[in-house]
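Participant: turn this into a structure:
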Amino acid sequence: MGKLPIDLQNSMRWAIASVESAGMILVGHTTFDLVNLHTGRAHRLELAAAGISGKLPISGSFSMSNYTSFTTRRPVNFQDFDARGARQTTAAVIVYSMSYLTIFDGSAYTSPTLCKVKMAGWGPSIPSVGIEHGVTEVIYGDGIPKDKGGFQAEPELVIPSSKEEIDIRVQITQKDDALVMKLQGDSLFDFDKPDAEQALKQAGSIIRALPIRRVDIDGHADGKGHEAYNLTLSTQRANAVADWFVSHKYLSKGTDLKTKGWGKSRPVAPNTRPDGSDDPVGRAKNRRVEIFLIKK
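Facilitator: This is a model prediction of the structure:
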């Protein structure tokens, strides 16, 4: 069928599998099945490469490996994978093969990296090792993944950059090995309100999109009321947000997830004005939930 308008839709979430490969010492050819996880469409990605490949005169594998999901550094479509510089490092034994594929965001190897993927799979292969550099080519076909089960299209996710504010209720900051999201405001915890639903969906999309190994959700309260009351309230807030993410499938039940309430012990703004009077604006800033996405 060839290229269709749907193939120009951007995504940062993709999957790839090696279909077959063969080479003659210095020249190699690998075919991949490339899937856009936003649309569910798939086309062949060909890599013609040259380099040092093994000790045998012929190398290759002839069985499709398992699909591997990966994320690109920016939203792209199939065209963005065409005519790109690429590097592939491979190692194969009789029944198992593994490769590291790097695709650059341009034809030159000095271009920024578009994606890095580690692929592995079981199937008959000729023993070989090697590293090759080449250029990609997208071959448009019927758009159906070669895997018989296929892929279901996923909602497109827009991931903000570090310190970018999604809206007035969700803020993003970068801290060492974690991405921190701050969900602000009382109405956030009234989940039936449109603002709360939008903020939680945006935060959930980021959680679902990023490669993370643990999620920590901390609840906080303002300085009004007794310590025990605020500690209980902040814990309930953290648990409520965690439960919402799980029930709406932004977090799986097997995710390493921790929740904690800090009460009023960690304010980010004064609860009172300099004259000692109540500061409702400051207290509103202290009523919040912070989500720490610990990277892999």
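Participant: may I have the residues that are in contact with L210?
Facilitator: With contacts defined as CB atoms under 8 Å, 6 or more residues apart in numbering, L210 is in contact with T71, I159, L179, L293, K295. Where C-beta positions appear, they are placed from N, C-alpha and C, glycine not excepted.
Participant: tell me how far it lies from H38.
Facilitator: 16 Å (CB to CB, to the nearest Å).
Participant: before we move on, the earlier item: now the contacts of L210 in TSV, with neighbour count, distance to I131 and secondary structure?
Facilitator: Putting the contacts of L210 into TSV (neighbours: other CB atoms under 10 Å; distance: CB to CB, whole Å; DSSP: H, G, I helix; E, B strand; the rest coil) gives the following:
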residue	neighbour count	distance to I131	secondary structure
T71	18	24	strand
I159	16	31	coil
L179	20	33	strand
L293	20	33	strand
K295	12	27	strand
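Participant: CSV for those, including pLDDT and distance to S205?
Facilitator: Below are the contacts of L210 laid out as CSV (pLDDT from 0 to 100; distance: CB to CB, whole Å):
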residue, pLDDT, distance to S205
T71, 89, 13
I159, 39, 8
L179, 81, 13
L293, 88, 12
K295, 77, 17
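Participant: which other residues reach the strand or helix carrying A238?
Facilitator: Assigned by DSSP states H and E, A238 belongs to helix 227-247. With contact meaning CB under 8 Å, 6+ apart, helix 227-247 is reached by 183, 189, 191, 200, 203-204, 207, 215, 217-225, 251-253, 255, 257, 259-264, 289, 291.
Participant: and the nearest residue to D256 once chain neighbours are set aside, what does it touch?
Facilitator: Computed as CB to CB, 6 or more residues apart in numbering, the closest residue to D256 that is not its neighbour in sequence is R214, at 4.2 Å. Counting by CB under 8 Å, 6+ apart, R214 touches T255, D256, L257, K258, I294.
Participant: who does R214 bridge with?
Facilitator: R214 forms beta bridges with I294, as assigned by DSSP bridges.
Participant: equivalent analysis for K116, please.
Facilitator: With DSSP bridges as the rule, K116 is bridged to T102.
Participant: just the pLDDT for it.
Facilitator: For K116, the model assigns a pLDDT of 89.
Participant: and it, how many residues sit next to it?
Facilitator: 14 (other CB atoms under 10 Å).
Participant: list the contacts for it?
Facilitator: K116 neighbours (CB under 8 Å, 6+ apart): F70, Y100, L101, T102.
Participant: quick one: the second one from D275, how far?
Facilitator: Y100 sits 63 Å away from D275, going by CB to CB.
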